[in-house]
Every structure is written in C-alpha cells, then in structure tokens.
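> Here's a sequence, model it:
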Amino acid sequence: MKRMKRMKHLLIGISALLVMTTALTACGGNNSKNESSSNTTTPTESNSSAGTDSKGEKVTINLWSFTDEIPNMTTKYLETHPDANVEFKTTVIATTDGAYQPALDQALAGGGKDAPDIYAAEAAFVLKYTQGDASSYAANYADLGLTDQMVKDAGIAQYSVDIGSKDGALKGLGYQATGGAFIYRRSIAKEVFGTDDPAAIKGEVGPGWDKFFSAAEKLKAKGYGIVSGDGDMWHAIENSSDKGWIVDGKLHIDPKREEFLDLSKKLKDNGYHNDTTDWTEAWYADMSGSGAQPIFGFFGPAWLINYVMNGQVKDTNGDWAVTEPPTGFFWGGTWLLANKDVTKDEAKKKAVADFMNWITLDTSETGLQYFWANGTMKEGETGTKDSVASSVVMSKSNGEVPLLGGQNMFDIFVPANANASGKNLTQYDETINKLWRDQTREYTAGNKSRDDAIKTFKQQVKDQLGIDSE
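Next comes the predicted model:
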C-alpha cells in the first residue's frame, strides 16, 4: 500500500464505513485496489477457516484493516497452509472521513475477545501506532518469535523497519516497499537527452535539485514540462528531509521542506509544470500526454505505476521507464501490527505470528511477498507486480512490466527502497502536510508573501493541533 486513497496509496474507493467480511477472492496486489469496493456496500460478517479440528477448537484471529487488501490475503494464506487450525474474522473500515482510526482506537482500548489481534496502519498515521499515542497496544515482533535476524535475512528496507520500531523494538512491518523513483517518458528522453537509458537519465535529473532544474530548462526548450505539478516533487522533498515536523514537541520547519516554497515557485514561474494538483483529472491527463503541455515524468513508488498510471497512460503505455530520483524518498505503505494481548495465549500467539511472518518476512516462493512481487496471487494468472519489503524476494522475482516497455523495475526499486529514510515522520504528518502544501500554493499563486505563508502555516498548526512553533 503499496500502497498504497490519498495513498491515495490505494485508490480504493470504499464507500461503506464498516464492513466485516472474509472469504474474499484472493486477488492480492493484482486487482484488489480496483475491485475492493465490490464487497463493501452491505455490512456482512463471515469467517475464513482451514484445517481440521484435530488439535481442538480453531483459533480465531480478529483482523482489522482500512481496505480489503490484507483480508484478501487470508484466502491465499489458508490455501497455502491447509493444516492451519485458524479462522479469520475481518473488519474493514474505510479511512473515509477519518472513520478508521477512532474505531480502531476504541476497539484496542476496549480489549476482550473482540479486540483486534492484528491490525493495519498506513504511512499517513502509522507512527501513532508504532511510536506514538497508541503504540502501547502493539506487541513487539520479538515477543512473537519474529526476530531482528529474520528481518535482516529477509533484506527488509531499513526505512520500513525504522518507521515500525519504537526504542529499537520492532512493532510493525509492511509487505510492500514504497521507495520512490523518477518515472519518465522514453520518447521525450530520447528527443531531449538523446537517450532513454535509465542510467543516463539518472545523471540528467540528479543527484540534487540543481541538476533536476537544469534538466527542466532543457525540457522547456523543447516544449515539455518536467513534472505535472509541485505535488510530484513534494513527496521526494518531504521524505528526504533531515528532521520531521515535530522536534522536542515544537513545530519545526526543516530547511529542505522550507526550500519547497522556492522550488515550487521556480516550477510555476518558469512554466516547468502544468500546475496541477495530484489526484485530479488534470494530473491524470498528464499521464496520457493530453495535458496543457507534454510532461516528462512523475515521482512515485511502484504502486503509482501499477495502480494509478496503469489505468491512465492510454496511448503512452510502454513509453515509460524508471530511474533513481534526485534524492531518496518513500511514499505511502501499510504496516502490520499485532495486539500485545495475543502473547497471553500461546495458541493465538503462534497463529498470529505465523500469519504475520508469512506476510512480512517469508522469502520463500510460497510466501505472500513472492506472490505479490510476481503478480501470481491468482492461480494460473499473472496480475500486477509490485515492489515488496524484502530485497531478497525482489532479487529472485521478475519485475518486467509492459507499461515500462519491459523494464525490470526491481533493478531500480531495490536501491530506491534502500535509499529511503524513515526517520523524519511524525504522527501529525497527514494534517501538517496538507496545511503546508496549501500555503505553498497560496505563495506560488501570488496570493501571499513567503513570510505570510509561513506565518499562516504556523498559526494553523497551533490552532488545529495545539503545537507551538520553535
């Protein structure tokens, strides 16, 4: 999540606020983001189970998520673990209107047999559950028997580990990896730079923003924009900053994030972009080359290619490639956590640990990540391939996709995942990022001075979150 709704990671379109369902078709990364709404219009409740009762009553695992992506995985798990003496009771609550977190918080605080045993959190709010206000509910992976050595052996991207850890103790891991790349048009690259080779284009657009804007000027001379809108750059800037929004309890504006004001204005003043806002029709139009001016590229992880661009590129399909970006970053993702109370019951602890291991750490060809990376969640079909948390899995998987002209995207996303940092997030990022981006656009549109935009931003953070500035 890969992916990854806003994430956005996922473009899920879930309309119901509460769904309890299992036994969903195991479509995994292949089509789950496009089909998830099909089971969310009428609240239902059912259980997925497998195995015999030879060892007694089945262990019930209460699984909570904000899309049906992880619930769909339970079907594949039970197919590959026929002896598992377990059943899943799943609860899906969309993040629409902020519904998921309050419901999850109440369920965790309430405890008891209906409390979540396993629950998902996405990048926009994951720190609340791994390091912040709700982190006390999460079990340490080590207490489930999932050790740091297993993490190391699987080659899990460090940024994902950092985000999922509190005081050195791992509490959450993902199955996707969302390290970002620069995704560009091959035909435009050949015309402007004389080559579409990813290694050469990497040297044209980076490292660093000076080289990126030098490339923007070359593109402009030929009638092209380098990105669709300033939001395309924001994710790279946000997640490559040295510090996050909150330092010692105060609002902190990292110099790299403050520079976004200037870089955004430079994009607009020079006509280097189409001044779109991400997740709008104008942004999508630039993926198919039908915008105000042809656009060279976008910044994003594999999920942007798989689940967003794939449905928008139209006639430009196959005319894209990926290369490493001017600076390392990640965008989005989903982390999996376990309730610390599962450790009180040995049978439940073992069942929860086995399922979480299969999703987050298993590098075998029957592990979730291998199916996910190779698009083989459905038997006999090749669906969407995705970047996964384990570099070990990607190294033995086929990341060739038609949208990229057959390029093996894993050659780029393995180093992209390694170059991302997970040390600059806070649990307030979702709110603060929106305020910051809104004020940046006020400044670049000429509605406010630079100083006034920053002043308004600081006041809004104080008013909405009660956080003073440094």
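
> can we go C-alpha only for contacts and neighbour counts from here?
OK.

> show me where this protein has strands.
19-20, 47-50, 59-65, 86-92, 118-122, 165-166, 169-170, 173-174, 181-185, 246-247, 250-251, 297-300, 320-323, 334-338 (DSSP state E).

> Kindly compare burial across the ones you listed and name the winner.
strand 173-174 (a mean of 30; mean count of other Cα atoms under 10 Å).

> Walk me through which strands that one pairs with, and which way each runs.
Here strand 173-174 is paired, per DSSP bridges, with strand 334-338 (antiparallel).

> Can I get the strand it pairs with in CSV? Just the C-alpha atoms.
The C-alpha trace of strand 334-338 is given here as CSV (Å, rounded to 0.1, in the frame of the first residue of the first chain):
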residue,chain,number,x,y,z
THR,A,334,0.9,-0.3,5.0
TRP,A,335,2.3,-1.7,8.2
LEU,A,336,1.0,-4.8,10.1
LEU,A,337,0.9,-4.8,13.9
ALA,A,338,-0.3,-7.4,16.5
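
> Tell me which residues are up against it.
1-4, 116-123, 126, 138-139, 164, 171-176, 352, 356, 360 (Cα atoms under 8 Å, 6 or more residues apart in numbering).

> residues contacting the closest residue to Met309 other than its chain neighbours?
Counting by Cα to Cα, 6 or more residues apart in numbering, Met309 lies nearest to Met287, which is 6.5 Å off, once chain neighbours are set aside. Counting by Cα under 8 Å, 6+ apart, Met287 makes contact with Ile295, Met309, Gln312, Val313, Thr316.

> I'd like to know which of these is nearest to Ala221.
Ala221 lies nearest to Ile295 out of those, by Cα to Cα, at 13.0 Å.

> any idea how far Ile188 is from the closest one?
As judged by Cα to Cα, to the nearest Å, Ile295 and Ile188 stand 9 Å apart.

> more crowded one of these two?
Ile295 (28 against 21; other Cα atoms under 10 Å).

> from what I can see the more buried one touches Ile226, true?
Yes: in this structure, Ile295 is within contact of Ile226 by Cα atoms under 8 Å, at 5.6 Å.

> okay, and the common contacts of those two?
His273.

> Tell me which entries of the contacts of Met287 lie within helices.
Secondary structure from DSSP state H places none of the contacts of Met287 in helices.

> quick one: which of those residues has the most company?
The residue in those with the most neighbours, by other Cα under 10 Å, is Ile295 (28 neighbours).

> The nearest residue to Asn417 once chain neighbours are set aside and Arg186: what is the separation?
Distances taken as Cα to Cα, 6+ apart place Gly179 nearest to Asn417, at 4.1 Å, with adjacent residues excluded. Counting by Cα to Cα, the gap from Gly179 to Arg186 is 21 Å.

> who has more neighbours, these two?
With neighbours defined as other Cα under 10 Å, Gly179 and Arg186 compare such that Gly179 has more, 35 against 23.

> Read off the pLDDT value for that one.
For Gly179, the model assigns a pLDDT of 94.

> Name all residues that make contact with it.
Residues near Gly179 by Cα under 8 Å, 6+ apart: 300-302, 328-331, 413, 416-420.

> Poorly predicted segments of the stretch 1-150 of the chain, please.
1-55 (pLDDT under 70).

> Do you have the helices of the stretch 301-450 of the chain handy? List them.
Taking DSSP state H, counting those that start in this stretch as the criterion, the stretch 301-450 of the chain carries its helices at 302-303, 346-360, 368-374, 391-395, 410-419, 429-444, 450-465.

> Let me know the angle separating the fifth one from strand 181-185.
Inter-element angle recorded for helix 410-419 and strand 181-185: 140 degrees (by axes from the mean of the first three to the mean of the last three Cα atoms, to 10 degrees).

> now the end-to-end length of stretch 277-295.
Terminal residues of stretch 277-295 lie 14 Å apart, using Cα to Cα.

> So which bits of it are buried?
Buried residues in stretch 277-295, defined by neighbour count with 16 or more other Cα atoms under 10 Å: 277-278, 282-295.

> Out of these, flag the one nearest to Met150.
Within these, proximity to Met150 (Cα to Cα) peaks at Asp278, which comes in at 37.5 Å.

> For that closest one, give me its contacts.
Gly229, Gly231, Asp232.

> ditto for Tyr159
Residues near Tyr159 by Cα under 8 Å, 6+ apart: Asn417, Ala418, Ala420, Ser421, Gly422, Lys423.

> Kindly report the same for Phe213.
Here Phe213 is in contact with Val205 (Cα under 8 Å, 6+ apart).

> shift numbering so it begins at 3
I'll keep to 3 as the first residue from here, and by that count the last item is Phe215.

> Could you check how far it is from Glu206?
As judged by Cα to Cα, Phe215 and Glu206 stand 10 Å apart.
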